[in-house]
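Asker: Pasted the sequence and its predicted model underneath.
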Amino acid sequence: EGKGKKRNPLHDFKKTGELMLIKVNKTLEVKTKLLNTTEQCAKRCSRNKGLSFSCKAFAYDRVTKRCHWLSFNSLTNGVRKKQDHAFDLYEKKDYVRNCIIGKGADYKGTISVTKSGIQCQAWNSMIPHEH
């Protein structure tokens with residue numbers, strides 16, 4: 001990227017229009033605040049700025065210009081999806097991506113079996129294979 005060009009913070013998120021996530025599990029955390037743009041929401045979510053949890057997604061209410069930072073995403077247990085025309089859902093790609101990029105050091109997806117159905121080896125294990 002060139003000098004003077006700022007990277008768009010939305011690049012790290014997958015957008016789903018007109019969708020909101022509703023927490024069924026009450027231990028999941030949400031924080032909201034009025035912000036003018038989705039870019040501002042994304043920046044705060046990426047940096048976890050002012051949040052007591054690791055932000056995995058945010059929903060932006062286009063009507064009230066309110067950002068809802070979420071400690072969960074659409075793949076989390078205890079969450080249901082709700083169609084809502086006022087909201088756009090943005091989920092961190094690292095948490096919803098089911099593939100490994102590069103060496104996989106930042107992989108946070110949910111796949112734990114190989115294509116042929118064999119259970120994956122834990123990252124911190126040297127058994128049955130060395131890294």
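Answerer: Arrived safely, thanks for sending.

Asker: who's in contact with G78?
Answerer: 23-25, 27-28, 72 (Cβ atoms under 8 Å, 6 or more residues apart in numbering). The C-beta positions use only the backbone N, C-alpha and C, and glycine is treated the same way.

Asker: Residues contacting the lengthiest strand in the chain, please?
Answerer: Determined from DSSP state E, the single longest strand within the chain is strand 79-92. By Cβ under 8 Å, 6+ apart, the residues outside strand 79-92 that reach it are 10, 12-25, 28, 38, 41-42, 45-46, 55-64, 72-74.

Asker: do that again at 6 Å, thanks
Answerer: Residues outside strand 79-92 that contact it (Cβ atoms under 6 Å, 6 or more residues apart in numbering) are 13-24, 56-63, 72-73.

Asker: Strand partners (parallel or antiparallel) of that strand?
Answerer: The strands that strand 79-92 pairs with in its sheet are strand 13-23 (antiparallel), strand 57-61 (antiparallel) (by DSSP bridges).

Asker: Now mean pLDDT and distance to K82 too, for these, in JSON lines please.
Answerer: JSON lines is the format used below for the strands paired with strand 79-92 (pLDDT from 0 to 100; distance: least, Cβ to Cβ, whole Å):
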{"stretch": "strand 13-23", "mean pLDDT": "95", "distance to K82": "5"}
{"stretch": "strand 57-61", "mean pLDDT": "97", "distance to K82": "10"}
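
Asker: still on that earlier bit, buried among the contacts of strand 79-92? Need that as a selection in PyMOL.
Answerer: PyMOL command restricting these to the buried ones, with burial defined by 16 or more other Cβ atoms under 10 Å:
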select buried, resi 13+14+16+19+20+21+23+56+57+58+59+60+61+72+73
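
Asker: Low-confidence ranges, the protein, go.
Answerer: The model of the chain has pLDDT under 70 over residues 1-4, 98-102, 104-110, 131.

Asker: what's the longest helix in it?
Answerer: When the chain is scanned for its longest helix (criterion: DSSP state H), the result is helix 38-47.

Asker: counting contacts, what elements does that one pack onto?
Answerer: Packing contacts for helix 38-47, counted by 3 or more Cβ pairs under 6 Å, 6 or more residues apart in numbering; DSSP states H and E, involve strand 57-61.
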